[in-house]
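Visitor: Next input, structure requested:
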Amino acid sequence: MLDPWFLLQSPPSAPAFNMAADQILLETVHRLGKPVLRLYSWTCPAATFGYFQRYLDIAPLTALRPLIRRTTGGGLVPHDADWTYSVAFPSSHAWYGLDARESYARMHRWLRDAFARLKYETVLAPCCDPSGPGQCFIGAEPSDLLFQSRKIAGAAQRRSRLGLLIQGSIQPPKGCSRADWEQSLITLGSLEASILWQPLPELDAFQSQAEELAKAVYGTIAHTERR
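Guide: Numbers count the residues shown, from 1 in each chain. Sure, this is the predicted structure:
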């Protein structure tokens with residue numbers, strides 16, 4: 001049986017907009033009734049940090065600015081050379097019923113298999129290497145994605161009563177094409193998970209909502225330094 005998903009391949013966008021867009025997906029995916037995969041990039045270098053982290057603890061760890069608080073948990077993530085994606089699931093979808101660990105591992109198995117189609121061998125970390133507390137790409141947690149023993153992919157999640165949001169970042173292997181990898185991910189979803197990709201509806205409304213939220217929340221000092 002086919003599993004309909006929406007696919008949104010966003011143009012390069014401002015950091016505050018990117019974080020706002022993902023929150024809008026979490027808030028509206030229940031109404032859409034289908035999962036949404038969003039592939040996106042950045043108009044300038046930036047860094048994001050987890051919703052529950054303290055700004056004063058994180059700010060000295062990176063020179064990248066703007067520094068923006070995400071709606072998901074997790075640690076500090078640099079966005080100067082990474083590939084980013086998000087996935088939102090309505091509570092009616094089977095993925096929503098997975099616990100956080102299995103959801104994380106399933107996402108990274110998908111990434112692993114997409115890299116494998118391009119002849120890059122990656123593996124899921126079996127256990128922990130807490131070398132850099134609070135920093136996503138220093139050390140590793142179980143089911144992080146490793147390439148040549150180095151962490152190259154991590155993710156953060158947020159679950160609400162109506163949906164689940166996964167935000168992921170990839171530090172790609174040298175020489176790997178982003179366009180090829182994204183197509184591999186999409187193709188693999190069709191072949192292995194019977195995903196039927198569809199364009200995201202009401203795109204103009206989504207864009208407007210994200211722009212408003214970026215201006216009112218994610219681009220403000222009050223949100224960034226709220227704790």
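Visitor: For the residue most central in space within the chain, which residues are in contact?
Guide: Nearest to the mean C-alpha position of the chain, by C-alpha atoms, centre = their mean, lies residue 167 at 2.1 Å. By C-beta atoms under 8 Å, 6 or more residues apart in numbering, the contact list for residue 167 reads 22, 70, 71, 72, 74, 84, 85, 86, 155, 156, 157. (Glycine included, C-beta is placed from N, CA and C.)
Visitor: Now do the first one: how many residues are near it, please.
Guide: For residue 22, the count of nearby residues is 27 (other C-beta atoms under 10 Å).
Visitor: try the fourth one
Guide: A total of 23 residues lie near residue 72 under the criterion other C-beta under 10 Å.
Visitor: With the fifth one instead?
Guide: When counting by other C-beta under 10 Å, one arrives at 23 neighbours for residue 74.
Visitor: Likewise for the last one?
Guide: By other C-beta under 10 Å, the residues close to residue 157 number 17.
Visitor: what's the answer for residue 199, then?
Guide: Neighbours around residue 199, by other C-beta under 10 Å: 9.
Visitor: do the one 4 residues further on as well
Guide: Counted by other C-beta under 10 Å, the residues lying close to residue 203 total 11.
Visitor: Now it, what are its backbone angles?
Guide: The phi and psi values for residue 203, taken as degrees, to the nearest 10, are phi -60, psi -40.
Visitor: contacting residues around it?
Guide: With contacts defined as C-beta under 8 Å, 6+ apart, the neighbours of residue 203 are residue 8.
Visitor: any idea how far it is from residue 80?
Guide: Remark: distance between residue 203 and residue 80 (C-beta to C-beta, to the nearest Å) = 28 Å.
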